[in-house]
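Novice: sequence below, structure please.
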Amino acid sequence: MSKTPTSTATKKAAAKKAAPKAPTKKATSSSAKSIMPAMTPEGSLSKYLQEIRKFPMLEPQEEYMLGKRWKEHEDSEAAHRMVTSHLRLVAKIAMGYRGYGLPIGEVISEGNVGLMQAVKRFEPEKGFRLATYAMWWIRASIQEYILRSWSLVKIGTTAAQKKLFFNLRKVKGQLKAFEEGDLHPETVSEISTRLGVTETEVITMNRRMSGPDNSLNAPLRHDGEDGEEWQDWLVDESADQEVELGDQEELNQRRDMLALAMQELNEREMDILTERRLKDSPSTLEQLSQKYSISRERVRQIEVRAFEKLQKAMHKAMQSQQIDHREALEAM
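Specialist: Residues are numbered from 1 along each chain as shown. As a prediction, the model looks like this:
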């Protein structure tokens, strides 16, 4: 039995089917990309530093071209290479913030967020390197995280206060101010001059940084058996209801006495005294002199005389009230 010859076209089709497919451009780009290492709670710092050293540093021209690719085409591979090549910069900057009692892994992670923001906004045409631009974003991200996490109460709300927070320890070290508690007045004055803040801000910040914040809901005793919290021992400095009621009654009495004493004045005296002494924005002598067609000196004389009459009437009303109060006590 003779075999049927296979055509040339059939052989080519079979060979093409058996051969492995060439990777597409998307697959090549994806495979070239390596996963960016991240600090984990169970991972060690030394292991992370070893991993980020594997990413090569970029040459200026190479960095420029990658920046152009990201800026013009949003090439994620180009952005990834720029980020991974600067992870060592983030780690170096983060190490300078180890003295704030926060996990170094979280500090590095926040710095990486700042690095990504820098890459996103990087403009290679301006001629400077990415590292020069990125370090400001990295520091800002780390400092914002420290201010947000370091204290229960928000601190460092102004640029000067943030500068004070992150430079106080360094300046104290330069001045050899290692004493516990409040700083000496000379030291406070020197620090405030160097950092451009008030002496009160230096004293307050130093006290805040001397010890960690504690929650008012923390138990008073370590065992927590009695159930008492620190807030249970806080003194309520606000006035109680009896004091507020007494103050309100006294205010009402003074208003009544003032209204009664004002009846001793004639209409012009009452108006001038009200305009000159009893208003938040007093009228001027010139305004009242024009209103009553008299001289400014005459207005001043009327004002003085009306005030003296009011004082005598108020004094008389107070004496009368004291007599009534004494008689009421004696009758009890």
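Novice: low-confidence stretches in this structure?
Specialist: 1-35, 39-43, 150-157, 178-180, 210-218, 220-227, 230-237, 239, 323-332 (pLDDT under 70).
Novice: residues of the longest helix belonging to it that come out buried?
Specialist: Using DSSP state H to define each element, the chain has its longest helix at helix 296-331. Buried residues in helix 296-331, defined by neighbour count with 16 or more other Cβ atoms under 10 Å: 299, 302, 303, 306, 307, 309, 310, 313, 314, 317. C-betas here are computed from N, CA, C, even on glycine.
Novice: now swap in stretch 77-89 and tell me
Specialist: 78, 79, 80, 81, 82, 83, 84, 85, 86, 87, 89.
Novice: can you classify the last one by secondary structure?
Specialist: To tie it back to what came earlier, the one meant is residue 89. When classified by DSSP: H, G, I helix; E, B strand; the rest coil, residue 89 comes out as helix.
Novice: now swap in the third one and tell me
Specialist: Using three-state DSSP, the three-state assignment for residue 80 comes out as helix.
Novice: returning to that earlier point: what is the nearest of the buried residues of stretch 77-89 to residue 254?
Specialist: Of all the buried residues of stretch 77-89, residue 89 has the smallest distance to residue 254: 69.6 Å, by Cβ to Cβ.
Novice: distance-wise, check that closest one relative to residue 74.
Specialist: In this view, residue 89 and residue 74 are 23 Å apart by Cβ to Cβ, to the nearest Å.
Novice: follow-up on the earlier one: could the buried residues of stretch 77-89 go into CSV alongside distance to residue 140?
Specialist: Listed next are these as CSV, based on distance: Cβ to Cβ, whole Å:
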residue, distance to residue 140
78, 24
79, 20
80, 22
81, 23
82, 18
83, 17
84, 21
85, 20
86, 15
87, 18
89, 14
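Novice: skipping its backbone neighbours, what lies nearest residue 99 in space?
Specialist: residue 169 (6.8 Å; Cβ to Cβ, 6 or more residues apart in numbering).
Novice: and for the one you found, the neighbour number?
Specialist: Residue 169: 14 surrounding residues under other Cβ atoms under 10 Å.
Novice: check the gap between it and residue 132 for me.
Specialist: 26 Å.
Novice: can you pull out the helices in the stretch 201-332 of the chain?
Specialist: 241-262, 267-277, 285-292, 296-331 (DSSP state H, counting those that start in this stretch).
Novice: now these in JSON lines, with distance to residue 163?
Specialist: Output for the helices of the stretch 201-332 of the chain, formatted as JSON lines (distance: least, Cβ to Cβ, whole Å):
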{"stretch": "helix 241-262", "distance to residue 163": "43"}
{"stretch": "helix 267-277", "distance to residue 163": "48"}
{"stretch": "helix 285-292", "distance to residue 163": "50"}
{"stretch": "helix 296-331", "distance to residue 163": "53"}
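Novice: quick one: closest of those helices to residue 149.
Specialist: Checking the helices of the stretch 201-332 of the chain against residue 149 by Cβ to Cβ gives helix 241-262 as the closest, at 40.5 Å.
Novice: domain assignment for the chain?
Specialist: When the chain is parsed with automatic domain parsing, its domains come out as 34-150, 153-210, 251-331.
Novice: the nearest residue to residue 282 once chain neighbours are set aside: what's it in contact with?
Specialist: Distances taken as Cβ to Cβ, 6+ apart put residue 276 closest to residue 282, at 5.3 Å, once the chain neighbours are dropped. Residues counted as contacts of residue 276 (Cβ atoms under 8 Å, 6 or more residues apart in numbering) are 282, 283, 288, 303.
Novice: format those as JSON lines; extra columns: distance to residue 62.
Specialist: Shown next, in JSON lines, are the contacts of residue 276 (distance: Cβ to Cβ, whole Å):
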{"residue": "282", "distance to residue 62": "75"}
{"residue": "283", "distance to residue 62": "77"}
{"residue": "288", "distance to residue 62": "82"}
{"residue": "303", "distance to residue 62": "84"}
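Novice: between the residues you listed, which has the most around it?
Specialist: The contacts of residue 276, ranked by neighbours (other Cβ under 10 Å): first place residue 288, 22 neighbours.
Novice: quick check: it touching residue 273?
Specialist: No: using Cβ atoms under 8 Å, residue 288 makes no contact with residue 273, being 10.6 Å away.
Novice: tell me which residues of the helix or strand containing residue 108 come out buried.
Specialist: Using DSSP states H and E, residue 108 maps to helix 104-121. Across helix 104-121, burial judged by 16+ other Cβ under 10 Å covers 105-116, 118-119.
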